[in-house]
Structure formats: C-alpha cells, structure tokens
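K.L.:
Here is my input; please provide its structure:
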Amino acid sequence: MKTLEPSKIRNVSFVSHSGAGKTSLVESMLFVSKTIDKKGSTDKGNTVSDFEPEEVKRHISISTSLIPIFWKDYKINILDTPGFLEFFAEVRGALRVSEGAVVLVDASSGVEVGTERVWEFVKEEEIPACFVVSRMDRENANFEKALSSIRDFFGSDVVPLILPIGQGQNFKGFINLLTGEAKIFEGGNVKEVDVPDSEKEKFDMYRNELVEKVAENDEELLDKYLNEGDLSPEDIKKGLKEGIKNKVIFPVLVSSSVSDMGTEEILDFIIDEFPPPYLDEKRYGKKPNSDEVVVDSIDPEKPFSGLVFKTFTDPFVGRINFVKVYTGKLTSDMKVLNIDKDKEERVSNLFFIRGKNQEKTDKILAGDMGVIAKLNHTLTGDTLCDSNFKVKYDWLKYPEPVLSYAVEPKRKEDEDRLSTAIF
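P.N.:
Residues are numbered from 1 along each chain as shown. Predicted coordinates:
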C-alpha cells in the first residue's frame, strides 16, 4: 500500500443511526475506486467492513473498521463506525482521530435518535462535517422530508449541494448545485444532461440558498453578491470550502449504494472539501504532566509520536493496536515509549489494514493510520513516542459505568486466554 504525504491524506469517520447504510456506502466506494472487483452486502455478510462473526450473523457493525481507499492520487482513511447506541464509544474514538465526518441519514426515515447522538459527538470534536441522504432508491424515500428533518434538528447551516432527480424506484440521477451539471444513470451508463425542466425550479431555489449561505460567511463574497446578484462557481467553491473548514456550512449530498449513484461525488467531496490531517487545540501534544505544548501540527520532520485509538485481539495475530501518527514516522524494528504506561515497546509487526485484511509495511508516515501487532503493554488511548521526544496526547473521558459484571472462564486453564481476549 502506498505511503503519501499528509496533504494527500483524508481521515474521515462515517457515522449515523444504525441501518442508515454506512457499510453499504463504504462497499460502494471500494467498488467504484476499483479497490474490490465485486461488492458485498450486509445482508449476505460479506462486506469488507463487517467481518467479525457477530457482525456477519447480525448484519450490523459492532466495532469500527479502518478502510483505506485510494482516489485520484489521494488516500482516504474511512473509519466505518457502528450505529447502535451500545457501541458509541467506538464512534467517539474514531471521531477523535478524524478531520471530517460523513453523517448518513436514511431517505425514508430522516433523522433518528442515533443521528442526534452522533451529531453531538461531531460537535464536541469540532470537526468539519457533511450529510448524505442515503438509500435514495428505497421505497418511501423522500429527499425533501429528510432534508427538512436534518434542518429541524441541526439548524440552517445545513444546505444541499447535490439534488436528486427522482426518488424511490424513480431515482435516476442528480444535479450538482455547485457546477450546474446533471447526471442520469441509464442501464449502468452515466449520461451528462442539462437540468431537467421538472427540476429547474428546485435547482434555482436551492442554488440561491447555497450562494446566500456562502456569501453570508465571507465579507468579500457578500459584497460581490450584493453588487452583482450572483457568485461565480469559483467564488462559490472557495466560500464553500472555507465555510466547511470553519464549521458554519454543512452540505447535503445524496446516494444509492445499490446502484453506486452519488458515490463518486462523495469521494470527490471528501478530497476536495475536507481538510488534510491537522491538530486543533484539544488535540495538541503536550509535555507529560504539564500544559506545555510540544506538538501543535502534523509534522513529518519531528521525531515519531502517535496515538492508539483502537485495540482488538485477532485470533491468529494476537493483540492489534490501531495508531494514528502525528509526527515523524513509525517504522518496523523501532523502539518506542508508551508514555501512559512508562514502558518501552518494540515495533516488529507493522501493517496497513483494510477490514480484516492486513498488508505488511515498513513505515507509517505522519497523518496516516495503520496497525501494530503484538505490543505487550499498549491499549486504547495510549500515546507512543520516541524516547527522546516525550509527548502526551489527550484521550476521551468516557462516562462512569453504572453496571458491573464479572466474567470467569469455565476452565481454570483458560484464564490467561480470557484475559488476553478482554484486554
């Protein structure tokens, strides 16, 4: 798997209420990007993201999967998160190491309780976000109703960027409000067309909303809009990017993962509008037991440091730690210091991972994500760093548990194995 500089990397969490189609959209992206030759489905239990036995059995995501996709010379690290409330610690961990969030809303259901909850997490992490009205091909799909529910819950900063042409069984294409281009899908082929007469009124209305929202967040563009009555596509694109970066504009796109409609546009949106890896104040690396800032940006030139954001046990490999590199590079056969445990670890097994498929690598560069196998002391939330470059990154503070359970093995000789499986 290729290693890229930070400017060519996008780290994005996919979040939603359960069943809104996150995993199906990721599968569509893998197929459209030619990462896989054939799409799986959650119903058949053969998607790249959901591979744990319980996920296959129940047709749901239980833990976060890391899915890297290469698209137009960029690497998109997608964190496909679970939607059930019981597993929201996974969502929070994924958002902490992301620079963007894609919030999926089912076209037939609109905003649900899980949508509200994940949006709270997105706002807490203060990262750019967009909405995707998913499953536009489903029976009872209603874009207007879904958009209205998103605005009712999340405010007027939500603006459409892509409009559907038709919905439900009649969903056949979409219109890009930024470019004015319309695409129709016929028999597996895509055809660019003029905006259909039946959609012109909606197109004009929503385009005006987009232009006004872009203008009101930029004084220069506002003056131009008031004087000329419109903005050029270049001006809109510039203002949109700035508004997304400043978390004052949250665009809405559409998709049908079954037919792959809208998938390319979402991939393009991620690389064009979401920022490359960066650090804001809550993610700064600090000197251990101090408020002194040591790392305030993603820096390939500094010694290695990174944060472990997920840990699980593979039945064949053993403990696997997911790590995001913030500075320098992580290399195989490297000794690192676990700041939280004050223990030295040797990195001997370094991989990129896509679902359950591992690809050995000799390095992971700043801004990128990968996994380390067989560390002895390291768990989720731990900071790893060069022993001569001591730094600590804050991790999440989870709510205190209100229930406790004891788990014990049936056989005494299984105690060690149970301990490994849990931790």
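
K.L.:
Show me what the one helix or strand residue 101 maps to pairs with in its sheet, parallel or antiparallel.
P.N.:
Element membership for residue 101, per DSSP states H and E: strand 100-106. If you go by DSSP bridges, strand 100-106 pairs up with strand 9-16 (parallel), strand 129-134 (parallel).

K.L.:
quick one, what contacts the closest residue to residue 240 other than its chain neighbours?
P.N.:
The spatially closest residue to residue 240, leaving aside those adjacent along the chain, is residue 214, at 5.6 Å (CB to CB, 6 or more residues apart in numbering). (Glycine included, C-beta is placed from N, CA and C.) Neighbour list for residue 214: 221, 231, 235, 236, 239, 240, 243, 249 [criterion: CB atoms under 8 Å, 6 or more residues apart in numbering].

K.L.:
Can you show me the helices along the protein?
P.N.:
Taking DSSP state H, the helices of the chain run over residues 22-32, 53-58, 88-96, 113-125, 143-154, 200-216, 219-228, 233-245, 263-273, 415-422.

K.L.:
just to revisit the earlier point, make JSON lines from the contacts of residue 214 and add distance to residue 12 and pLDDT to it.
P.N.:
Listed next are the contacts of residue 214 as JSON lines, based on distance: CB to CB, whole Å; pLDDT from 0 to 100:
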{"residue": "221", "distance to residue 12": "27", "pLDDT": "91"}
{"residue": "231", "distance to residue 12": "27", "pLDDT": "89"}
{"residue": "235", "distance to residue 12": "26", "pLDDT": "92"}
{"residue": "236", "distance to residue 12": "23", "pLDDT": "92"}
{"residue": "239", "distance to residue 12": "22", "pLDDT": "94"}
{"residue": "240", "distance to residue 12": "17", "pLDDT": "95"}
{"residue": "243", "distance to residue 12": "18", "pLDDT": "95"}
{"residue": "249", "distance to residue 12": "17", "pLDDT": "97"}
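
K.L.:
Just name the closest of those residues to residue 292, please.
P.N.:
Nearest to residue 292 out of the contacts of residue 214 is residue 243 (CB to CB; 33.7 Å).

K.L.:
And the closest one, how close does it get to residue 86?
P.N.:
Using CB to CB, to the nearest Å, residue 243 is found at 35 Å from residue 86.

K.L.:
So for those two, which sits in the more crowded spot?
P.N.:
Using other CB atoms under 10 Å as the criterion, residue 243 and residue 86 rank with residue 243 on top: 24 against 9.

K.L.:
For burial, what's the neighbour tally of the nearest residue to residue 272 once chain neighbours are set aside?
P.N.:
In space, and not counting its chain neighbours, residue 272 is closest to residue 241: 7.6 Å by CB to CB, 6+ apart. Counted with other CB under 10 Å, the neighbours of residue 241 add up to 17.

K.L.:
returning to what we had before: is there a quick PyMOL command that grabs whichever of the contacts of residue 214 are buried?
P.N.:
The buried residues among the contacts of residue 214 can be selected in PyMOL (16 or more other CB atoms under 10 Å) with this line:
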select buried, resi 221+231+235+236+239+240+243+249
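
K.L.:
Nearest residue to residue 16 in space, ignoring adjacent ones along the chain?
P.N.:
Excluding its sequence neighbours, the residue lying closest to residue 16 (CB to CB, 6+ apart) is residue 104, at 3.8 Å.

K.L.:
And that neighbour, how far from residue 381?
P.N.:
Applying CB to CB to residue 104 and residue 381 gives a distance of 27 Å.

K.L.:
ok, these two, which is more surrounded?
P.N.:
Set side by side, residue 104 and residue 381 show more neighbours around residue 104, with 25 against 19, by other CB under 10 Å.

K.L.:
Any idea what that one is bridged to?
P.N.:
The partner residues for residue 104, given DSSP bridges, come to residue 16, residue 132.

K.L.:
when you give positions from now on, start the count at 13
P.N.:
From this message on, residue numbering opens at 13, which makes the last subject residue 116.

K.L.:
who touches it in this structure?
P.N.:
The contact partners of residue 116, by CB under 8 Å, 6+ apart, come to 26, 27, 28, 32, 33, 34, 37, 143, 144, 146.

K.L.:
what's the distance between it and residue 237?
P.N.:
Using CB to CB, one obtains 32 Å as the distance from residue 116 to residue 237.

K.L.:
same deal with residue 178?
P.N.:
With CB to CB as the criterion, residue 178 and residue 237 are 31 Å apart.

K.L.:
Was I right to think residue 247 contacts residue 233?
P.N.:
Yes - between residue 247 and residue 233 a contact is recorded at 5.7 Å, counting by CB atoms under 8 Å.

K.L.:
how about the nearest residue to residue 194, chain neighbours excluded?
P.N.:
Leaving aside its chain neighbours, residue 194 sits nearest to residue 187 (4.6 Å; criterion: CB to CB, 6+ apart).

K.L.:
right, and residue 265 touches residue 273 too?
P.N.:
No - assessed by CB under 8 Å, residue 265 is found out of contact with residue 273, at 10.8 Å.

K.L.:
Any regions of this structure where pLDDT drops low?
P.N.:
Residue ranges of the chain with pLDDT under 70: 432-435.

K.L.:
if we go to 80?
P.N.:
When residues are selected by pLDDT under 80, those of the chain lie in 199-200, 326-328, 410-414, 428-435.

K.L.:
tell me the domain boundaries of it?
P.N.:
18-285, 293-405 (automatic domain parsing).

K.L.:
Could you dump the ones you listed into JSON lines and include distance to residue 419?
P.N.:
Formatted as JSON lines, the domains of the chain follow (distance: least, CB to CB, whole Å):
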{"stretch": "domain 18-285", "distance to residue 419": "16"}
{"stretch": "domain 293-405", "distance to residue 419": "14"}
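
K.L.:
what's the closest of those to residue 428?
P.N.:
Nearest to residue 428 among these is domain 293-405 (12.3 Å), distances taken as CB to CB.

K.L.:
what about the closest one, how long is it end to end?
P.N.:
From its first residue to its last, domain 293-405 covers 11 Å (CA to CA, to the nearest Å).

K.L.:
do stretch 167-183 as well
P.N.:
In stretch 167-183, first residue to last residue: 27 Å (CA to CA).

K.L.:
same thing with stretch 46-54?
P.N.:
So stretch 46-54: terminal residues 19 Å apart, CA to CA.
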